[in-house]
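Asker: Below is the sequence, then the predicted model.
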Amino acid sequence: MKRKKIIIISISLVITIIFAIFGGFLGLILSRNAQLNTIDFSEITGSSKKVVLFIGDGMGVNHVKATSSYYEKQMFMTSLEYQGMVSTFSNSLFSPTDSAAAASSLATGRKFNNKEVSRHNGIDITTISEKAKNKGLGVGIVTTDNLYGATPASFSSHANNRGDTKQIVLAQAKSNIDLFLGAGKTTYEAYKNLFENNGYNYKNDLSLFENNFEKQIGVFNNIVAENGDNISPTLEMLTEYAITYLEANYPNGYFLMIEGAHIDKASHSNDIFKMMSYLNSFDESIKICHDKLQTQPNVTIMVTADHETGGLNYNNQTKDEINNSLYTRSGHSSKNVPYFIYQKTESTIKLNSVLKNKIDNTDIFKLSEALLNLK
Ligand SMILES: [Zn+2]
């Protein structure tokens, strides 16, 4: 009798646990789905000629706040007119997104499995870069990371796995993207002829670039946070060149992606001082872009992140109180990330009539697509 009771209790316990787990997953899936496709961007179709998307890899709200406190200044990005939060989840239920799935969502408006590069279950998903090239716009890809890294790769190639470097580089050489600037000199050296045969001006020195109408690829050993030169430039220098080049060759319109990758890399190693110096350089690059384009009538500059890295805590610490122990993990977290957007447009319908406080990373693509009228 006693034994029977224990068995019944055990069975009901197991059933309860199964339902709890199942219910938990169901709830997670439902809440994720509720965040998708909630915004209709059609009203703002064609209201920008030029879209610049800045991606601070790993940049959560606290990364920005801590850097502001440390440098004792307002970060430029936080002065932009439209601000809110972005959900970053990938198809993975058990772990936060990686940079490949998140960048692929930003580039295509769809959700991906971790590690996928704008290709889902073997099918290539059209990127904003491809859509822009198909409409005759200029496209530029700029990063402090290796150019075959997950974020730039998702905007310029398709691959089953972010580790498929050769496939990514081959796709980039045939992409027709006008401008590539980033690190990875030793890897790209083997593909120099391929890029040149596909019409690229291939250089490792920023001073050798010209603004003529020719496709350009600049690969450097590394991109530094400060004291850059033409061989090891800063993101500010690359940003300045990218905008000058696109303005000279595509005055009627372009899409430009600029990634600050070391915010993530330094956060993985919980090096807050390195993270802040690169975040500061990223922020200065946004200011340079804004200063160069602010007199133009139809420009949108978007700033966001692919995910948060390091579970960074920040509770109004002063400059002297900021240290590496504010990190709570060495990997990515599922925290929402911020967005900051500047827009100047001749259209009577402004972004605030469609944008919401809380958006999903797939909305960044949909916004770019609508602004540039690429649908
Ligand atoms: Zn990362």
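Answerer: Nice, I can see it. Residues are numbered from 1 along each chain as shown.
Asker: count of neighbours near His307?
Answerer: 28 (other C-beta atoms under 10 Å). No exception for glycine: its C-beta is placed from N, CA and C like everyone else's.
Asker: again with Asn204
Answerer: 16.
Asker: Give me the distance between it and Gly136.
Answerer: Asn204 sits 30 Å away from Gly136, going by C-beta to C-beta, to the nearest Å.
Asker: cool, and Pro338?
Answerer: According to C-beta to C-beta, Pro338 stands 33 Å off from Gly136.
Asker: between these two, who's got more neighbours?
Answerer: Pro338 (22 against 9).
Asker: Helix or strand: which one has the more buried one?
Answerer: Element membership of Pro338, judged by DSSP states H and E, is strand 337-344.
Asker: Which other helices and strands does that strand contact?
Answerer: Packing contacts for strand 337-344, counted by 3 or more C-beta pairs under 8 Å, 6 or more residues apart in numbering; DSSP states H and E, involve helix 61-70, strand 82-87, strand 299-304.
Asker: just so I know, which of those lies nearest Val14?
Answerer: Shortest distance between Val14 and the helices and strands packed on strand 337-344, using C-beta to C-beta, is found for strand 82-87: 33.3 Å.
Asker: Could you count how many residues lie near the closest residue to Leu179 other than its chain neighbours?
Answerer: Distances taken as C-beta to C-beta, 6 or more residues apart in numbering put Gly140 closest to Leu179, at 3.9 Å, once the chain neighbours are dropped. Each residue near Gly140 was counted by other C-beta under 10 Å, and the total is 27.
Asker: Just list whatever residues bridge to Gly140.
Answerer: Leu179, Leu256 (DSSP bridges).
Asker: my read: it touches Tyr245, true?
Answerer: Yes - with contact defined as C-beta atoms under 8 Å, Gly140 reaches Tyr245; the gap is 7.2 Å.
Asker: overlap in contacts of those two?
Answerer: Common neighbours of Gly140 and Tyr245 are listed as 178-179 (criterion: C-beta atoms under 8 Å, 6 or more residues apart in numbering).
Asker: Name the nearest residue to Glu81, ignoring sequence neighbours.
Answerer: Leaving aside its sequence neighbours, Glu81 sits nearest to Tyr342 (C-beta to C-beta, 6+ apart; 6.0 Å).
Asker: quick one: the one you found and Glu284, what's the gap?
Answerer: Separation of Tyr342 from Glu284 (C-beta to C-beta): 15 Å.
Asker: Looking at the two, which is more packed in?
Answerer: Tyr342 (22 against 18).
Asker: doesn't Leu80 make contact with the more buried one?
Answerer: Yes - contact criterion C-beta under 8 Å: Tyr342 and Leu80 qualify, at 4.5 Å.
Asker: Please enumerate the shared neighbours of those two.
Answerer: Common contacts of Tyr342 and Leu80, defined by C-beta under 8 Å, 6+ apart, comprise Ile301.
Asker: How many residues are close by the closest residue to Lys215 other than its chain neighbours?
Answerer: Leaving aside its chain neighbours, Lys215 sits nearest to Tyr200 (4.7 Å; criterion: C-beta to C-beta, 6+ apart). Per other C-beta under 10 Å, the neighbour tally for Tyr200 reads 22.
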